[in-house]
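Novice: Build me a model:
(one chain, ligands or ions: 3)
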Amino acid sequence: IDYKSFNNYRFYDQEMADKINRKITIEGLLRTINYDDEFAMFFQPQFSIDGSELIGMESLLRWNSPVLGNVSPGEFIAIAEESNAILKIVQWTIKKSSEQIKEWNLKYNKNYRISINISPKYLKNYDFLSEVKYFVDVKHINPVWLDFEMTEMSVMQAGESICNLFDKLHNMGINISIDDFGTGYSSLSYIKNFNIDKIKISKELVDNIVTDKNEYMIVNAIIMMSKGLKLETIAEGVEEKEQKDILLELGCDQIQGYYYGRPVNAQDFENMYLINRV
Ligand code: C2E
Ligand code: CA
Ligand code: CA
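Specialist: Ligands and ions are numbered 1, 2, ... in the order given. You can find the predicted model right below:
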């Protein structure tokens, strides 16, 4: 017997088993926990490119589990997407985010927009339009306070049926943004068939914009084409001044990233970005 590979095999086996167990645990917890107890919405500011004006914020989910500790959304959203948990999660985030933006905009007399992440599965399984109309009509959420982020992939998967939905949301005054643009097919010529408002240039591209000439050229092209199509642009994952300077020079409209601010809880967001702003 080759004990070495035997042991390696056992090790691999154990790692796989741990991974599967964790996934099953997360799935089970997402089915049973009370979201109000364990989930929190964090908010990351979105600024005009020169940092002078707050445009709004993206709402980002945080899960502090008594069983597992902090679980990153990257991990549990992916697991939730495979089950129906994602439907409940998106519903919870729309509710929390719209309540929060209403509170802030009324309190500070502003029209900040809140960007909410919407999963493709949610679009397929729910009467999304009725859900949104409920918040607008019953909860008195001004549609111009809302921005829905969907990845290019999810828009493509949903196909033509989503065209009609986007038209209706757009006509209500709601913004539609394409998240992580530049990582998938990145077909602006295709995406322009849909009534969208904003292109969110992915962190993957922004990461290398200073050092990689090709990525710089790609971002330049995305911004130029977006302008031609009258689409707004926002760059995400901007961490350094050099990146911000290049994006400013290329004519990008807005910025979101650690350079201007990390995601923080509601109280901190209010203290850092809303109080004492004119
Ligand atoms: P995303 O929608 O692309 O969100 C942006 C992610 O980049 C966030 O990670 C944010 O914290 C991070 N980020 C922002 N600026 C910077 C930066 O300058 N540097 C670095 N290194 N990272 C930056 P987060 O919060 O861990 O979320 C990861 C993903 O999980 C999100 O990617 C989104 O796909 C999903 N997600 C998060 N919250 C929600 C939610 O409420 N609903 C849904 N459906 N998905 C969510
Ligand atoms: Ca997003
Ligand atoms: Ca993104």
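Novice: Can you show me the strands along the stretch 151-278 of the chain?
Specialist: Under the criterion DSSP state E, counting those that start in this stretch, the stretch 151-278 of the chain contains strands at 175-181, 198-201, 232-236, 254-256, 264-265.
Novice: close to ligand 1, is the shortest one?
Specialist: Which is strand 264-265. No. Interface with ligand 1: strand 264-265 contributes nothing (Cβ under 6 Å from any ligand atom), its closest point being 10.3 Å away. From N, CA and C alone the C-beta is placed, and that goes for glycine too.
Novice: Just the mean pLDDT for that strand, thanks.
Specialist: Mean pLDDT, strand 264-265: 98.
Novice: Work out the gap between that strand and the centre of the chain.
Specialist: Its chain's C-alpha centre and that of strand 264-265 lie 15 Å apart, by Cα atoms, centre = their mean, to the nearest Å.
Novice: Mind listing residues that contact it?
Specialist: Identification of contacts with strand 264-265 by Cβ atoms under 8 Å, 6 or more residues apart in numbering yields 40, 42-44, 272.
Novice: is ligand 1 contacted by the helix or strand hosting Gly74?
Specialist: Gly74 is part of helix 73-82 when elements are defined by DSSP states H and E. Yes. Contact of helix 73-82 with ligand 1 (Cβ under 6 Å from any ligand atom) involves 73-74, 77.
Novice: Got a PyMOL select line for the buried ones in the residues you listed?
Specialist: This is the PyMOL syntax for the buried subset of the residues of helix 73-82 next to ligand 1, where burial follows 16 or more other Cβ atoms under 10 Å:
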select buried, resi 73+77
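Novice: what separates the closest residue to Tyr273 other than its chain neighbours from ligand 2, distance-wise?
Specialist: Leaving aside its chain neighbours, Tyr273 sits nearest to Pro45 (5.3 Å; criterion: Cβ to Cβ, 6 or more residues apart in numbering). Between Pro45 and ligand 2 the distance is 14 Å, computed by Cβ to the ion, to the nearest Å.
Novice: can you tell me if the helix holding Gly74 touches ligand 2.
Specialist: No. Shown here: helix 73-82 not in contact with ligand 2 (Cβ under 5 Å from the ion), separated by at least 9.9 Å.
Novice: pLDDT below threshold where in the stretch 1-150 of the chain?
Specialist: Applying pLDDT under 70 to the stretch 1-150 of the chain picks out residues 1-12.
Novice: which bits of it sit near ligand 1?
Specialist: Residues of the stretch 1-150 of the chain lying near ligand 1 (Cβ under 6 Å from any ligand atom): 44, 59-61, 72-74, 77, 90, 93, 117, 119.
Novice: cutoff 8 Å now
Specialist: Residues of the stretch 1-150 of the chain lying close to ligand 1 (Cβ under 8 Å from any ligand atom) are 41-42, 44, 58-62, 72-74, 77, 80, 86, 89-90, 93, 97, 116-119, 122, 149.
Novice: With the stretch 151-278 of the chain instead?
Specialist: Contacts of the stretch 151-278 of the chain with ligand 1, taken as Cβ under 8 Å from any ligand atom, map to 151, 179-180, 200, 202-203, 236-239, 256-259, 262-263.
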